[in-house]
Each structure stands twice: as C-alpha cells, then as structure tokens.
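Asks: I would like the atomic coordinates for the input below:
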Amino acid sequence: MIPSINAMMAVGIVFLPGMMTGQIIAGADPVISIKYQIVVMLMLVGSTALSSILVVYVARERCFNKAEQLRL
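Replies: Next up, the predicted model:
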C-alpha cells in the first residue's frame, strides 16, 4: 500500500501522469483531465487495498485454527 499512497501524493506536483498529460495535449479541458486522473488513482489504490485485505483474510483462515493457534 505504501507505494500506491506515495504515488498519489506526488501526482501533479512531482510528475504528470500519462493519461492526464495526453488529454491536455489533445486539447481537453485540464480540469476534466485532472478529475479523470484522480478517479484512476483512487481506483488503483482501492483495488490495492481490497486485494491486500483479501490476501490477509485468506492467509489468516489457512494459517490459524478457531482457537487462533498456528497450523503446521
């Protein structure tokens, strides 16, 4: 999750993402292209968060029993 959050912090300040830059060069309204880029970044972070939670849940179910003891 840390790389995704760091990428969100740097968007627009340090680097301009490809989709947003392409839309601006093509003549689209910069505000609309920024909104699209925000949606894309939030979708990426959201999918990373959901997949992280799912992996932790599945690993917990497979590695621990009902009494929270480690399965060998």
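Asks: Quick check: the gap between the closest residue to S52 other than its chain neighbours and M20.
Replies: Counting by C-beta to C-beta, 6 or more residues apart in numbering, S52 lies nearest to M1, which is 6.1 Å off, once chain neighbours are set aside. Using the backbone N, CA and C atoms, a C-beta is placed for each residue, glycine as well. Separation of M1 from M20 (C-beta to C-beta, to the nearest Å): 23 Å.
Asks: For these two, work out which one has more neighbours and name it.
Replies: A count of neighbours by other C-beta atoms under 10 Å puts M20 above the other of M1 and M20, at 22 against 10.
Asks: Now name the helix or strand holding that one.
Replies: helix 18-26 (DSSP states H and E).
Asks: helices and strands around whatever helix or strand R60 lives in, which ones?
Replies: Assigned by DSSP H and E, R60 belongs to helix 30-63. Counting contacts by 3 or more C-beta pairs under 8 Å, 6 or more residues apart in numbering; DSSP states H and E, helix 30-63 is packed against helix 2-10, helix 18-26.
Asks: gap between the last one and the chain center?
Replies: Its chain's C-alpha centre and that of helix 18-26 lie 20 Å apart, by C-alpha atoms, centre = their mean, to the nearest Å.
Asks: circling back: identify the residues contacting the residue nearest to S52.
Replies: 45, 48-49, 52 (C-beta atoms under 8 Å, 6 or more residues apart in numbering).
Asks: What part of the chain, helix or strand, is modelled with the least confidence?
Replies: Using mean pLDDT, DSSP states H and E, the weakest-scoring helix or strand in the chain turns out to be helix 2-10, at a mean of 81.
Asks: how about that one as CSV, C-alpha atoms only?
Replies: Output of helix 2-10 as CSV, limited to C-alpha atoms (Å, rounded to 0.1, in the frame of the first residue of the first chain):
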residue,chain,number,x,y,z
ILE,A,2,2.8,2.4,0.7
PRO,A,3,4.0,2.8,-2.9
SER,A,4,0.4,3.4,-4.1
ILE,A,5,-0.1,6.1,-1.4
ASN,A,6,3.2,7.7,-2.2
ALA,A,7,2.3,7.8,-5.9
MET,A,8,-0.9,9.6,-5.1
MET,A,9,1.0,12.2,-3.0
ALA,A,10,3.3,13.0,-5.9
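Asks: With that, I have no additional questions.
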